[in-house]
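> sharing a sequence plus its predicted fold:
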Amino acid sequence: MAVVSSLVLTVTGYGWSQYQDLLMGIGRSDAIRGDAPKSASGDTNILIMGLDSRLDENGHPLPSEIYQALHAGDQQVGGYNANVLMLVHLPGDGSRATVISIPRDDYVSLPGAPDGIAKGKIKQAYGFAFDQEHRKLVAAGVTDQASLEQQSRDAGRQEELDTVAQFLGGVPIDHFVEVTMVAFYQLAQVVAPITVCLNEDTRDSYSGANFHRGYQQIDAAQAVAFVRQRRDNAHPQLNFTDLDRERRQQAFIASLVYQLKQAGTFLNPVRLRELITVVKQNIAADTGLELLPFAQHASLLSGGNITFTTLPIVRFGTDPAGEDVNIVDVPQIQALVHNLIGAHIPTAPDPTSPVPGSGPKQSGRQSGTVDVVNATNRNGLAAGLEHALAVTGFTPGVTSNARRYRNTTIIYYPAPGSAAAANTLAGMLGGPPTELDATVPAGHLRVVLGADYTMPATLGARSTGEASPPTSTPPAPDLNSVSTTGIPCVT
């Protein structure tokens, strides 16, 4: 929407009329309360919600040919879960924007306890609240389908917004954009073919994905499969999880933005008209989102001025009902978000709070949070080191995988005052070199594990000694690996 409303104005006369058409036709919602906290210093936070619904924005079934193309079932499948959640942070000073992907199965508190459920997957906040409001309206005698749908959706939107804001530590959410599955498909139809890149051949009958290694052009139906894939029934060694979907979504957005800019799509009146038609049909936004000033701000993204991050999880687990969930460390999440976007966090994380499941802390706490990057082809090294560090007094941080293989291990620290902590950590790891790096967040150390790394016996002996089950620790996403200056390659 930002790109459409911004670049449409580059065409005088015609562009202004099209912008007015878009402004008048888009679905609007009052789900953001008037007294909700607002970002300061000209910053803007927008929550992108992608619904699992196989219905249109008004709750009506889709044409059969679209269901066939989506390869995701018909109107009887899916529901009102927010299966895609991305917080877009636009700094008021025009500096680099940040997109934070929130894994849909993160097990969190639901502030409104919709349907009497106080904890659940973060994606379920929308659906539980929708169901509660829908039943309430029906009991009150409301029979108009449009009113039932939109009032129920507003309740779902409000609960999802509140849940995300609370989970991220009180981050203000100034605006939201809601996209249905059919809207994504229709937008992809307008801009196809879309070039994507994969590191490996992959095939999945569930989503319909069937891609080869390298760069390739895909159509709209393949685009839906590309961003939905979380399995591979032909190459099980790829070990896909839901977290791989987050990187696929980020890579798709990065590729699309790059291609639209290169192709001059928005100077084409025919394609512009088609895009506006789609946006008006199956996309909704809050009433306070003023498209023109937002677009002028967000148009900077088309130059690749954006960073993608996926929030980490501690492990895969199950909830009391036996459903698969992501176990998360909420203080760690909130501290990470604070570092990424400078968001206000009402309650600072307890510096002595352990990562769930990591065991008790020893006395004599060290200074710093340790983030570990695995730059080898050996799986599980980063998670193993974090597990061992949990009892040393250092605070376990974020684990990730490097894009490039590295032969030697190194420790980076953010400022001269952190050199002592880096040297202490180096002593625990067998003496790797340390180096100043201003990109490391304040209060953190970053360990990049190279091919020479082995777990020191003394460090391993200080851990709990229990090996994590193979399924308990997921492959960690590379938090900042998706390029925004071209077409990135992902697994």
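Now that the structure is in, tell me what you want to look at.
> show me what contacts the residue nearest the centre of the chain?
Of all residues in the chain, the one closest to the mean position by CA atoms, centre = their mean is Ser101, 1.0 Å from it. Ser101 makes contact with Leu85, Met86, Glu246, Gln249, Gln250, Phe308, Thr309, Thr310, Leu311, according to CB atoms under 8 Å, 6 or more residues apart in numbering. (C-beta placed from N, C-alpha, C; glycine too.)
> closest one to Leu62 out of those residues, please.
Comparing these against Leu62 with CB to CB picks out Gln249 as the nearest, at 21.4 Å.
> ok, the closest residue to that closest one other than its chain neighbours to Ala388 distance?
Leaving aside its chain neighbours, Gln249 sits nearest to Val227 (5.0 Å; criterion: CB to CB, 6 or more residues apart in numbering). When CB to CB, to the nearest Å is the yardstick, Val227 and Ala388 sit 36 Å from each other.
> what secondary structure does the residue of the chain positioned farthest from its centre sit in?
Computed with CA atoms, centre = their mean, the maximum C-alpha offset from the centroid of the chain is found at Gly141, amounting to 38.8 Å. Gly141 falls in the coil class when you classify it by DSSP: H, G, I helix; E, B strand; the rest coil.
> angles on the backbone of it, please.
Note on Gly141: backbone dihedrals following degrees, to the nearest 10 are phi 90, psi 10.
> show me where the stretch 151-300 of the chain has its helices.
Secondary structure of the stretch 151-300 of the chain (DSSP state H, counting those that start in this stretch): helices at 181-191, 220-228, 242-263, 269-282, 291-298.
> what does the stretch 301-450 of the chain give?
Under the criterion DSSP H, counting those that start in this stretch, helices of the stretch 301-450 of the chain are mapped to 330-341, 381-389, 419-428.
> hey, which of the ones you listed is tucked in deepest?
helix 381-389 (a mean of 24; mean count of other CB atoms under 10 Å).
> could you list every helix and strand that that helix packs against?
Here helix 381-389 is seen to pack against strand 369-374, strand 395-401, strand 444-449, helix 457-462 when contacts are counted using 3 or more CB pairs under 8 Å, 6 or more residues apart in numbering; DSSP states H and E.
> who does the first one pair up with?
Looking back up the chat, that one is strand 369-374. Its sheet considered, strand 369-374 pairs with strand 395-401 (parallel), strand 444-449 (parallel) by DSSP bridges.
> quick one: which of those is nearest Thr287?
Shortest distance between Thr287 and the strands paired with strand 369-374, using CB to CB, is found for strand 395-401: 36.4 Å.
> now that closest one and helix 381-389, what's the angle there?
Using axes from the mean of the first three to the mean of the last three CA atoms, to 10 degrees, one finds that strand 395-401 and helix 381-389 are set 170 degrees apart in direction.
> now strand 395-401: mean pLDDT?
The predicted model gives strand 395-401 an average pLDDT of 81.
> check the offset of that strand from the chain's centre.
Taking CA atoms, centre = their mean, to the nearest Å, one finds strand 395-401 lying 17 Å from the centre of the chain it belongs to.
> please apply the same query to stretch 164-180.
Between the centre of stretch 164-180 and the centre of its chain there are 12 Å (CA atoms, centre = their mean).
> so which bits of it are buried?
164-180 (16 or more other CB atoms under 10 Å).
> likewise for stretch 139-159?
Counting neighbours by 16+ other CB under 10 Å, stretch 139-159 gives Leu148, Glu149, Gln150, Gln151, Ser152, Arg153, Asp154, Ala155, Gly156, Arg157, Gln158, Glu159 as buried.
> pipe those into JSON lines and attach distance to Asn339 per row.
JSON lines is the format used below for these (distance: CB to CB, whole Å):
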{"residue": "Leu148", "distance to Asn339": "42"}
{"residue": "Glu149", "distance to Asn339": "39"}
{"residue": "Gln150", "distance to Asn339": "38"}
{"residue": "Gln151", "distance to Asn339": "38"}
{"residue": "Ser152", "distance to Asn339": "37"}
{"residue": "Arg153", "distance to Asn339": "33"}
{"residue": "Asp154", "distance to Asn339": "33"}
{"residue": "Ala155", "distance to Asn339": "33"}
{"residue": "Gly156", "distance to Asn339": "30"}
{"residue": "Arg157", "distance to Asn339": "28"}
{"residue": "Gln158", "distance to Asn339": "28"}
{"residue": "Glu159", "distance to Asn339": "27"}
